[in-house]
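[1] no sequence for this one, just the structure:
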Ligand SMILES: [Zn+2]
């Protein structure tokens, strides 16, 4: 089965799979490309049933992770993902949270130890294409940064992936989206984005059209209902959601096959 086209996405928490890679996962699945989602943590530091926040009374980590893993399976079904692999590490929480100190928090696990487990999955599934976050984890979450580190290490030791990409949010498109939200009176008042949010357009190397998969991405995101308060994209008007979800952008970290400067599919050059 070594030659079976396979995409592997490596994410930190249940729900991270949808916004940046839900479309490419669904599209690849439709195109007969095998899809593997690796989720590194159980999401214990998410909101609990009834919206109870981590650190508040009644926030039960076991209940939170059970609920989030059930939501993840529903999301995976909406996106048509073939294989879900759970590394089962403990959620480290956002930077600065007390949970960062837990010795078994994912961000505190030695990189080579977690990378060895991921490398074994790469050797089993032989993905030609692997996607994860950039060195800042997209937005600085310790578990996202750790996912980045173990993915690079596993790609290197296994030598399996032909191409490795980072998810990317094009800065200009975020600005356009917010201008659109303001003009339609739907801009969230509680959301302030830093000036340097996202990456400049010239750093993007692949933009994939996933417009036919927007509905499925929304259903997958809605499956993560317990985290709904933290997912502002779910509260946007449908036309704004469509703008936000119809394309996914990536930065190619490396390619062992000839690849164009600007691609419109992650499997360009592999089929
Ligand atoms: Zn996350």
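    Perfect, thanks for sending it. For clarity, every value in this text was computed on a predicted model and none was experimentally measured. Residues are numbered from 1 along each chain as shown.
[2] since we're on residue 113, how many residues are nearby?
    By the measure other CB atoms under 10 Å, the count of residues near residue 113 is 9. For glycine as for every other residue, the C-beta is placed from the backbone atoms N, C-alpha and C.
[3] Kindly apply the preceding question to residue 219 instead.
    Other residues near residue 219 come to 16 when the count uses other CB under 10 Å.
[4] So it: helix, strand or coil?
    Three-state assignment for residue 219 (DSSP: H, G, I helix; E, B strand; the rest coil): helix.
[5] Now it: closest residue in space, sequence neighbours ignored.
    What sits nearest to residue 219 in space, not counting adjacent residues and going by CB to CB, 6 or more residues apart in numbering, is residue 78, at 4.5 Å.
[6] Quick one: residues contacting that neighbour.
    Neighbouring residues of residue 78 by CB atoms under 8 Å, 6 or more residues apart in numbering: 216, 219, 220, 223.
[7] Please point out which parts of the host helix or strand of residue 77 sit buried.
    Element membership for residue 77 (DSSP states H and E) is helix 61-79. Buried residues in helix 61-79, counted by 16 or more other CB atoms under 10 Å: 61, 64, 65, 67, 68, 69, 71, 72, 75, 76, 78, 79.
[8] can you redo those as CSV with distance to residue 145 and pLDDT?
    Formatted as CSV, the buried residues of helix 61-79 follow (distance: CB to CB, whole Å; pLDDT from 0 to 100):
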residue, distance to residue 145, pLDDT
61, 21, 94
64, 22, 96
65, 21, 97
67, 25, 96
68, 20, 97
69, 22, 98
71, 24, 98
72, 21, 98
75, 23, 98
76, 24, 98
78, 28, 98
79, 24, 98
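[9] Would you reformat those residues as CSV and include distance to residue 90?
    Below are these laid out as CSV (distance: CB to CB, whole Å):
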residue, distance to residue 90
61, 8
64, 11
65, 9
67, 16
68, 13
69, 13
71, 18
72, 16
75, 21
76, 21
78, 26
79, 25
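[10] The residue nearest to residue 219 and residue 207, how far apart?
    Using CB to CB, to the nearest Å, one gets 23 Å for the distance from residue 78 to residue 207.
[11] how about stretch 40-50: buried residues?
    Those would be 40, 41, 42, 43, 44, 45, 46, 47, 48, for stretch 40-50 by 16+ other CB under 10 Å.
[12] Quick one: mean pLDDT for it?
    For stretch 40-50, mean pLDDT is 94.
[13] so how far is the worst-scoring helix or strand of the chain on mean pLDDT off the chain centroid?
    When each helix and strand of the chain is scored by mean pLDDT, DSSP states H and E, helix 171-183 comes last, with a mean of 87. Chain-centre distance of helix 171-183: 22 Å, with CA atoms, centre = their mean, to the nearest Å.
[14] How about residues contacting that helix?
    So helix 171-183 is contacted by 187-188, 193, 196-201, 236, 240, 243-244, 247, 249 (CB under 8 Å, 6+ apart).
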